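Engineer: Have a look at this prediction, sequence included:
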There are 2 protein chains.
Amino acid sequence: MSQHRHPGAPGRAGAVPALPDLPEATVARLPEYLRALHQLAEAGHETISSEGLATAAGVNSAKLRKDLSHLGSYGTRGVGYDVALLVDQIEFVLGLTQRRGVALVGIGNLGHALAGYAGFASRGFRVAALFDADPARVGEEINGLIVRHVDELPRAAVEESIAIGVIATPAAAAQRVADQLVAAGVTSILNFAPCVLSVPEGVDVRKVDLAIELQILSFHEHRKASLTALPATGGAGFTALPGGLAAPGTQEAVGT
Amino acid sequence: MSQHRHPGAPGRAGAVPALPDLPEATVARLPEYLRALHQLAEAGHETISSEGLATAAGVNSAKLRKDLSHLGSYGTRGVGYDVALLVDQIEFVLGLTQRRGVALVGIGNLGHALAGYAGFASRGFRVAALFDADPARVGEEINGLIVRHVDELPRAAVEESIAIGVIATPAAAAQRVADQLVAAGVTSILNFAPCVLSVPEGVDVRKVDLAIELQILSFHEHRKASLTALPATGGAGFTALPGGLAAPGTQEAVGT
């Protein structure tokens, strides 16, 4: 990383916006830009147009330019963005310069997969501790880490400077684990258990529910099928719902 | 499921909106409502207030009422929503009445976890086929299914009526698998590989990137730390970015 870098748009340095002002959707796209930029850097690109970066990240370029303008990055007309500088800016904003410690709780199938996931290490994180409540799993070694009993979580979270807790337990155990993480001072949780967690203000929870992802795709499948099945009358794909007009292929009575 | 149900709001039956008009954010929340409703039904609730359902689903109740109004569900004042009716409506909209077939491609750690995930079956899906390119994995039995070679995908996708393909391969293999799924007529893909897929129009791709979820949490950790570290001057948490004003703790020159 070279020193003495300059912002893309001269004269805008004083207008750099603050971290707290970034829209949530922008925050969610920054990691995509970062991944694309790392690939471009590996392929030897020193600069990249907004269109090129947008394509690599799978977003539209107007949205990308707007997102990056929140970081004070406007690129240079005819040249584009400085790839290395933009990597630095995004890694700084995302707080990835610190290799935050991650604790993984629940070492079933999914927990095993997460513990062995190389993408965490290569993208700014350090899986620092593994926990399970099942004595049969405690003591198992995965990628050089020994699975500890979840009762050791409070002490280990402090010792290992855990910043993020990942919950991969069954739903019934998840709230208790969340409470333990919060009590140990962890303020960011990634929850794979299919349930809603209650946490105090100031604790961020993100949720990944694999069945929900499939259900959202199912909606789109259903919609595509309903559009295909319709005669081309200009009625444009209206499909009635149960409880309303009769749904196609059902025998339900039509409501009032 | 009982017959002859009526919509929550008498007289609104004719105003039932169409599937294609649902906002994407509403579609993403419907599975959360569904999960909460199933739990409420198991706990013996026949009706539920919008506040009660919103709490169980972890959203605010105004948003929930607006989402459900898109389905023509307005609840009944003083009574709330009919739990069983709302389950039927959401399952219909999400196309979950059909138990769509899911093919899983890439049976590494994550693929194993997904193949063994009971949540798919209990929430409307049928894992119907497993594929891998590694001959050492072909033939392995997981939950009663034999892992097949990925070259068998085109034929198997038709035989098993695969509606959704789940890609859990390394990034380098993902595009080829996506092409094979699309060629086999699959129009919905859930991608766990950390890369952007190119697919023809009409094919829906959803992406789950576990490192991205951690990076988003990292942003919030970083933001919380930057707010805590600031003196209370009314400057309200403004943190400079690299390339703009000097970042705290770095030695970079300040840009023009």
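Structural biologist: Sure, I can see it.
Engineer: contacts and neighbour counts: CA atoms only from here.
Structural biologist: OK.
Engineer: Against which helices or strands is the helix or strand in which A:I212 is found packed?
Structural biologist: Assigned by DSSP states H and E, A:I212 falls within helix A:210-229. When contacts are defined as 3 or more Cα pairs under 8 Å, 6 or more residues apart in numbering or on different chains; DSSP states H and E, helix A:210-229 packs onto helix B:24-42, helix B:118-122, strand B:162-167, strand B:188-191, strand B:204-207.
Engineer: Now stretch A:135-145: buried residues?
Structural biologist: Neighbour counts over stretch A:135-145 (16 or more other Cα atoms under 10 Å in any protein chain shown) mark A:137-138 as buried.
Engineer: Please enumerate residues in contact with that stretch?
Structural biologist: Residues from elsewhere that reach stretch A:135-145 (Cα atoms under 8 Å, 6 or more residues apart in numbering or on different chains): A:107, A:112, A:115-116, A:128-132, A:146-149.
Engineer: which of those tops the neighbour count?
Structural biologist: A:L130 (29 neighbours; other Cα atoms under 10 Å in any protein chain shown).
Engineer: Tell me what angle the helix holding A:I212 forms with helix B:24-42.
Structural biologist: Angle, helix A:210-229 to helix B:24-42, by axes from the mean of the first three to the mean of the last three Cα atoms, to 10 degrees: 120 degrees.
Engineer: Let me see the contact set for the closest residue to A:A41 other than its chain neighbours.
Structural biologist: The shortest distance from A:A41 to any non-neighbouring residue, by Cα to Cα, 6 or more residues apart in numbering or on different chains, is to A:V83 (6.7 Å). Listed by Cα under 8 Å, 6+ apart, the contact set of A:V83 reads A:37, A:40-41, A:45-48.
Engineer: out of these, which are buried?
Structural biologist: A:37, A:40, A:47-48.
Engineer: Any chance of CSV for the residues you listed, columns distance to chain B?
Structural biologist: As requested, these are arranged in CSV below (distance: Cα to the nearest Cα, whole Å):
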residue, distance to chain B
A:L37, 12
A:L40, 13
A:T47, 15
A:I48, 17
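Engineer: Max pairwise distance over those residues: which two?
Structural biologist: Spatial extent of the buried ones among the contacts of A:V83 (Cα to Cα) is set by the pair A:L37 and A:T47 at 9.7 Å.
Engineer: Would you tell me what the next helix or strand after the one helix or strand in chain A whose mean pLDDT sits lowest is?
Structural biologist: Within chain A, confidence by mean pLDDT, DSSP states H and E is lowest for helix A:118-122 among all helices and strands, at a mean of 80. Scanning forward in sequence from helix A:118-122 by DSSP H and E, the next helix or strand is strand A:125-132.
Engineer: and A:R155, what element?
Structural biologist: Here A:R155, judged by DSSP H and E, is contained in helix A:153-159.
Engineer: For that helix, C-alpha coordinates in CSV please.
Structural biologist: Extracted C-alpha coordinates of helix A:153-159, given in CSV (Å, rounded to 0.1, in the frame of the first residue of the first chain):
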residue,chain,number,x,y,z
LEU,A,153,-17.6,-18.8,26.6
PRO,A,154,-17.6,-15.8,29.0
ARG,A,155,-13.9,-16.2,30.0
ALA,A,156,-12.8,-17.2,26.5
ALA,A,157,-14.6,-14.3,24.8
VAL,A,158,-12.5,-11.9,26.9
GLU,A,159,-9.2,-13.8,26.5
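Engineer: and it, does that touch chain B?
Structural biologist: No - judged by Cα under 8 Å from any Cα of the partner chain, helix A:153-159 stays clear of chain B, getting no closer than 15.5 Å.
Engineer: list the helices and strands that helix packs on?
Structural biologist: So helix A:153-159, by 3+ Cα pairs under 8 Å, 6+ apart, packs with helix A:171-183.
Engineer: What residue spans form the domains of chain A?
Structural biologist: Domain segmentation of chain A under automatic domain parsing yields A:13-96, A:99-210.
Engineer: Go through those domains and find the least confident stretch.
Structural biologist: Among the domains of chain A, domain A:13-96 carries the lowest mean pLDDT, at a mean of 87.
Engineer: Return the residues in contact with the residue lying closest to A:L30 once chain neighbours are set aside.
Structural biologist: Spatially, and ignoring its direct neighbours in sequence, A:L30 is nearest to A:I90 (6.7 Å; Cα to Cα, 6+ apart). Residues in contact with A:I90 (Cα under 8 Å, 6+ apart) are A:30-31, A:34.
Engineer: quick one: which of the residues you listed is nearest to A:K63?
Structural biologist: Nearest to A:K63, judged by Cα to Cα, of these is A:L30 at 11.4 Å.
Engineer: Which pLDDT value belongs to A:M1?
Structural biologist: For A:M1, pLDDT reads 35.
Engineer: With the one 5 residues further on instead?
Structural biologist: At A:H6 the predicted local distance difference test score is 37.
Engineer: ok, now the one 5 residues further on?
Structural biologist: If you check A:G11, the pLDDT there is 36.
Engineer: List the residues that contact the closest residue to A:P154 other than its chain neighbours.
Structural biologist: Of all residues not flanking A:P154 in the chain, A:A184 sits nearest, at 4.8 Å (Cα to Cα, 6+ apart). Shown in contact with A:A184 (Cα under 8 Å, 6+ apart): A:153-155, A:157-158.
Engineer: Out of those residues, which comes closest to A:A54?
Structural biologist: Set against A:A54, the nearest of these by Cα to Cα is A:A157 (38.4 Å).
Engineer: Tell me the spacing between the closest one and A:G119.
Structural biologist: 22 Å (Cα to Cα, to the nearest Å).
Engineer: circling back: now, which of the contacts of A:A184 sits nearest A:L53?
Structural biologist: Using Cα to Cα, the contacts of A:A184 come closest to A:L53 at A:A157, 38.0 Å.
Engineer: That closest one: what's it in contact with?
Structural biologist: Contact analysis of A:A157 by Cα under 8 Å, 6+ apart lists A:103, A:181, A:184-186.
Engineer: Contact partners for the residue in the stretch 51-200 of chain A that chain B sits nearest to?
Structural biologist: Closest contact between the stretch 51-200 of chain A and chain B, by Cα to the nearest Cα, is at A:L94 (4.1 Å). By Cα under 8 Å, 6+ apart, the residues touching A:L94 are A:30, B:215-216, B:218-220, B:222.
Engineer: host element of the residue nearest to A:L30?
Structural biologist: helix A:83-93.
Engineer: after that helix, next one along is what?
Structural biologist: Going down the chain from helix A:83-93, the next helix or strand is strand A:100-105, by DSSP H and E.
Engineer: Show me what counts as buried in that next one.
Structural biologist: Of all the residues in strand A:100-105, those buried under the rule 16+ other Cα under 10 Å are A:100-105.
Engineer: cool, and stretch A:76-87?
Structural biologist: For stretch A:76-87, by 16+ other Cα under 10 Å, it's A:76, A:80-87.
Engineer: and the end-to-end length of it?
Structural biologist: 16 Å.
Engineer: returning to what we had before: identify the farthest-apart pair in the buried residues of stretch A:76-87.
Structural biologist: Using Cα to Cα, the buried residues of stretch A:76-87 span at most 15.9 Å, a distance reached by A:T76 and A:V87.
Engineer: Can you give me the neighbour number for the residue nearest to A:V203 when sequence neighbours are not counted?
Structural biologist: Excluding the flanking residues, the one nearest A:V203 by Cα to Cα, 6+ apart is A:T187, at 4.4 Å. Applying other Cα under 10 Å, we find 24 residues neighbouring A:T187.
Engineer: In contact with A:T187, which residues?
Structural biologist: A:163-164, A:181, A:202-204, B:221.
Engineer: now the spatially most central residue of chain A, nearest residue through space, not along the chain?
Structural biologist: Most central in chain A under Cα atoms, centre = their mean is A:A28, positioned 6.5 Å from the mean C-alpha point. Once flanking residues are discounted, A:A28 sits nearest to B:I216: 6.0 Å by Cα to Cα, 6+ apart.
Engineer: A:H45 too?
Structural biologist: Using Cα to Cα, 6+ apart, the nearest residue to A:H45 is A:V83, at 7.2 Å.
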